[in-house]
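> here's a sequence, model it:
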Amino acid sequence: MEKSDIVLRNAGITFLIAISCWITNQYILSATWIRGKALKTGFALIACASVAIVILYPLREMHTENFPMMSLNGLPQDRKLMMMAFRGLMVGGLEYFVSFYLQLVTDSQNSRIENQRLKQENLEARLSLLKQQVNPHFLFNSLSTLRTIAADAPTKQYVMQLANVYRYLLGNEQEHLTSLERELEFARSYIYILQERFERALCVAIEIPETSLSHRIPPYCLQILVENAVKHNIVSVEAPLSIRIYIESEMLCVENNVLPRMSVEESTGKGLNNIKERYQLLSNQEIEIISTSACFVVKLPLLK
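Predicted coordinates for the structure are as follows:
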């Protein structure tokens, strides 16, 4: 055999081993069922040695005098297997550590990019929060000024209730739970504003015993439920919308009669879904929804 033929043959065999070991290494590096870097390294080296044996074993009788690494003719069987495994370890091991290093570099770069992205999002969130704080505080201060200069008592009362709504919104931005007493104070101010708008067309009854006021619920729940009742029902003097807020079996209940609008926007369910998700996250409890042709009731667990 010509020397050039031997070179080409050995190059082809080495290339085949290298490609096979590279594919094997990539699989092992990405495998989630193999835990730990040391275990992955061991698997990779054993796999590369096995790959070399599988490729070289059928060629074990080839005579390559000019290339001792490939000269397996005349060697004992165990020596042949050792030489095959050693060649796989040399080629595959080098590829594995190159792949491992490249993966570390890639992971490091991705980590830096992710950190930069999180810093950017955090900065944007902080700027957004600052903007949100400026606008409500400006409005709240303006309402306080308006209450001072208002000429008649009804206007003063309306402005004061509106200011109470914004004071509650500002004070509970970061709170996950609030007392039922504070939530009711907020709800009364919000209901006052609605009743000034709808007058006798909206009737609200609040029947909460003092013993339940210390319980806690996620903030804004009452406001969302009252708002939903007004949004999805007719509110008129001829057919008043009645809302009742009461306690039943350690549950805060908000009930309203059903007076469906003739043409109403399709409900997105965002309000109720928001309440459901908050209860699941905070207490792993479910709210209850009862819907009939006559009434709609939402029951919220009271948290201690």
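
> for my notes, confirm Gly271 occurs in a helix.
Yes: looking at Gly271 with DSSP: H, G, I helix; E, B strand; the rest coil, it is inside a helix.

> what count of nearby residues applies to the closest residue to it other than its chain neighbours?
Spatially, and ignoring its direct neighbours in sequence, Gly271 is nearest to Ile224 (4.4 Å; Cβ to Cβ, 6 or more residues apart in numbering). From N, CA and C alone the C-beta is placed, and that goes for glycine too. Ile224 has 18 neighbours, counted by other Cβ atoms under 10 Å.

> likewise Ser242?
16.

> helix/strand/coil for it?
Ser242 - assigned by three-state DSSP - is strand.

> so what's the closest residue to Ser214 other than its chain neighbours bridging to?
Closest residue to Ser214 apart from its sequence neighbours, by Cβ to Cβ, 6+ apart: Ser179 at 6.3 Å. Beta-bridge pairing of Ser179, defined through DSSP bridges, involves Arg216.

> isn't Ser179 up against Pro219?
No: with contact defined as Cβ atoms under 8 Å, Ser179 does not reach Pro219; the gap is 9.7 Å.

> when those two are compared, which one has more neighbours?
Pro219 (22 against 14).

> residues in contact with that one?
Residues near Pro219 by Cβ atoms under 8 Å, 6 or more residues apart in numbering: Tyr168, Asn172, Glu175, Leu177, Thr178, Glu183, Phe186.

> just the buried positions in the host helix or strand of Gly42, please.
Assigned by DSSP states H and E, Gly42 falls within helix 37-56. By 16 or more other Cβ atoms under 10 Å, the buried positions in helix 37-56 come out as 40-41, 43-45, 47-53, 55-56.

> ditto for stretch 161-177
So stretch 161-177, judged by 16+ other Cβ under 10 Å, has buried residues Gln161, Leu162, Ala163, Asn164, Val165, Tyr166, Arg167, Tyr168, Asn172.

> contacting residues around the residue nearest to Gly271?
Here Ile224 is in contact with Gly271, Leu272, Asn274, Ile275 (criterion: Cβ under 8 Å, 6+ apart).

> now, which of those residues sits nearest Gly88?
Asn274 (59.1 Å; Cβ to Cβ).

> may I ask which helix or strand encompasses the closest one?
helix 270-283.

> CA-only coordinates of that helix in PDB, if you can.
C-alpha atoms of helix 270-283 as PDB (Å, rounded to 0.1, in the frame of the first residue of the first chain):
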ATOM      1  CA  LYS A 270     -59.900  39.500  34.200                       C
ATOM      2  CA  GLY A 271     -61.300  40.800  37.500                       C
ATOM      3  CA  LEU A 272     -62.500  37.400  38.800                       C
ATOM      4  CA  ASN A 273     -59.400  35.700  37.400                       C
ATOM      5  CA  ASN A 274     -57.200  38.200  39.200                       C
ATOM      6  CA  ILE A 275     -59.000  37.500  42.500                       C
ATOM      7  CA  LYS A 276     -58.800  33.700  41.900                       C
ATOM      8  CA  GLU A 277     -55.000  33.800  41.200                       C
ATOM      9  CA  ARG A 278     -54.300  35.900  44.200                       C
ATOM     10  CA  TYR A 279     -56.200  33.600  46.600                       C
ATOM     11  CA  GLN A 280     -54.400  30.600  45.100                       C
ATOM     12  CA  LEU A 281     -51.000  32.200  45.500                       C
ATOM     13  CA  LEU A 282     -51.600  33.600  49.000                       C
ATOM     14  CA  SER A 283     -53.600  30.900  50.700                       C
END
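
> thank you kindly, that will do.
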